[in-house]
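A.B. asks: Structure of the sequence below:
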Amino acid sequence: MNRQKILLDPVLPTEEETIAIKLLDKTLSLKIENDDSETLKVNVVQIGGEEITLPESLYQLLCQAAHLMAAGRAVSLVPIEPDMTVEEAAILLNVSQAFLMKLLAEGAIKYVKVGSERRIFLGDLMAYKKQRTVKRREILRELAEFSQEEELNESRVYS
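C.D. replies: From the prediction side, this is the model:
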């Protein structure tokens with residue numbers, strides 16, 4: 001099979017391409033806005049007319065790239081190894097290495113030791129990141145509800 005060379009150089013859309021990319025970004029975002037992952041599928045039509053459904057992981061990547069390019073930003077793909085060092089994982093989570101080491105010690109993220117070095121599998125890291133995001137959203141929702149209740153209570157007191 002003839003494999004195309006993967007370009008890691010940044011890709012910056014032309015002004016004409018940006019117009020088309022903005023339309024694509026708007027179209028792709030409909031699935032996210034409607035949270036309709038079960039019923040809405042994105043298909044690519046081959047030259048022969050055969051349709052291929054885009055896998056969810058590739059769809060998410062395409063959405064991110066289209067959104068950034070629609071805003072006129074350059075985009076580049078960066079391949080990531082399936083396992084990473086503590087330093088690489090900390091960068092991906094946007095936390096300090098010391099904080100990540102604490103999470104590893106607490107068992108919040110699985111890891112393996114290779115010699116004296118800890119290796120963290122990308123899948124485990126992304127699962128933790130997703131769990132952290134869900135937890136943060138829940139806390140924010142609770143804070144918003146509490147704030148609204150307090151606002152309502154204050155309006156009753158001062159009325």
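
A.B. asks: quick one, longest helix in the protein?
C.D. replies: Criterion DSSP state H: the longest helix present in the chain is helix 122-158.

A.B. asks: Only the buried residues of it, if you could.
C.D. replies: For helix 122-158, burial by neighbour count (16 or more other CB atoms under 10 Å) applies to 124, 125, 128. C-beta: built from backbone N, CA, C; applies to glycine.

A.B. asks: Reformat the residues you listed as a markdown table; add pLDDT.
C.D. replies: Below are the buried residues of helix 122-158 laid out as a markdown table (pLDDT from 0 to 100):
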| residue | pLDDT |
| --- | --- |
| 124 | 95 |
| 125 | 94 |
| 128 | 95 |
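
A.B. asks: just for the chain, where's the confidence low?
C.D. replies: The model of the chain has pLDDT under 70 over residues 1-7, 31-40, 152-159.

A.B. asks: Just the helices from it, written as ranges.
C.D. replies: Using DSSP H, helices in the chain cover 15-34, 56-70, 86-93, 97-106, 122-158.

A.B. asks: which one of the ones you listed lies closest to residue 44?
C.D. replies: Residue 44 sits nearest to helix 56-70 of all the helices of the chain, at 9.5 Å, using CB to CB.
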